[in-house]
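K.L.:
Predicted model, plus sequence, below.
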Amino acid sequence: LKNQGKNPYYKPNSLPKKISVFEPNVNVYKFLMYPMLISEDVYRERPELINSVKITNTQNIRDKKELITILTHLNIVKDKKATFENRFPMAWFLCEHTDVVLAHQWENPLNYAYLDAVYMGYPIVHNAHLFKDAGYYYKGFNVEQGKEQLIYAMTEHDNNLEEYEKKSK
């Protein structure tokens, strides 16, 4: 990316923010549903904060009738703010399409994607208890807490970059 004149590290910018989800969507342990519910709650409460929500790694599931039936009820999908993308190299996707990373896991709290995002300075909202001192942590399956942390990350992260970097290291 640097050879192409691109900076892969986080750059502060104004609202609205671009949210990216990097879960593999192979099973329920790392799946898009909770990030979608959190994004939806933020969008219903504070739509002006969200530019887009890009859910990656959906090439094998985005056409599944059961998933479509659920997702088409979400305002963020109806209003075409959420898109369902293929798999991409994370550094490139962060650089091109991301202001905030939103993550969710179940019984699988260690993830290189989290480390990549934090290392490159991106705010990450997550529920990985082994990683809770880095990024913006919400507990378990608590969508309300995830929503609050996502709003905080979108509105306050750029005001606390030095503290975030120190805490993340």
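P.N.:
Looks like it arrived, so ask away.
K.L.:
So Val100 versus Met36, what's the distance?
P.N.:
Here the criterion is C-beta to C-beta, to the nearest Å. By it, Val100 lies 15 Å from Met36. (C-beta placed from N, C-alpha, C; glycine too.)
K.L.:
correction: Ile70
P.N.:
9 Å.
K.L.:
same deal with Asn60?
P.N.:
17 Å.
K.L.:
ditto for Val21
P.N.:
8 Å.
K.L.:
Could you do Val118 as well?
P.N.:
Going from Val118 to Met36 by C-beta to C-beta gives 22 Å.
K.L.:
In contact with Pro35, which residues are there?
P.N.:
Each residue near Pro35 by C-beta atoms under 8 Å, 6 or more residues apart in numbering is listed here: Val21, Glu23, Val53, Ile55, Leu102, Ala103, His104.
K.L.:
pull the CA atoms of the helix or strand containing it into CSV?
P.N.:
Element membership for Pro35, per DSSP states H and E: helix 33-45. Extracted in CSV, the C-alpha atoms of helix 33-45 (Å, rounded to 0.1, in the frame of the first residue of the first chain):
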residue,chain,number,x,y,z
MET,A,33,-25.5,-11.0,13.0
TYR,A,34,-24.5,-9.2,16.1
PRO,A,35,-22.5,-6.5,14.3
MET,A,36,-25.6,-6.0,12.1
LEU,A,37,-27.8,-5.7,15.2
ILE,A,38,-25.4,-3.2,16.8
SER,A,39,-25.2,-1.2,13.6
GLU,A,40,-28.9,-1.2,13.2
ASP,A,41,-29.4,0.1,16.8
VAL,A,42,-26.9,2.9,16.1
TYR,A,43,-28.5,3.7,12.8
ARG,A,44,-32.0,3.9,14.4
GLU,A,45,-30.8,6.2,17.2
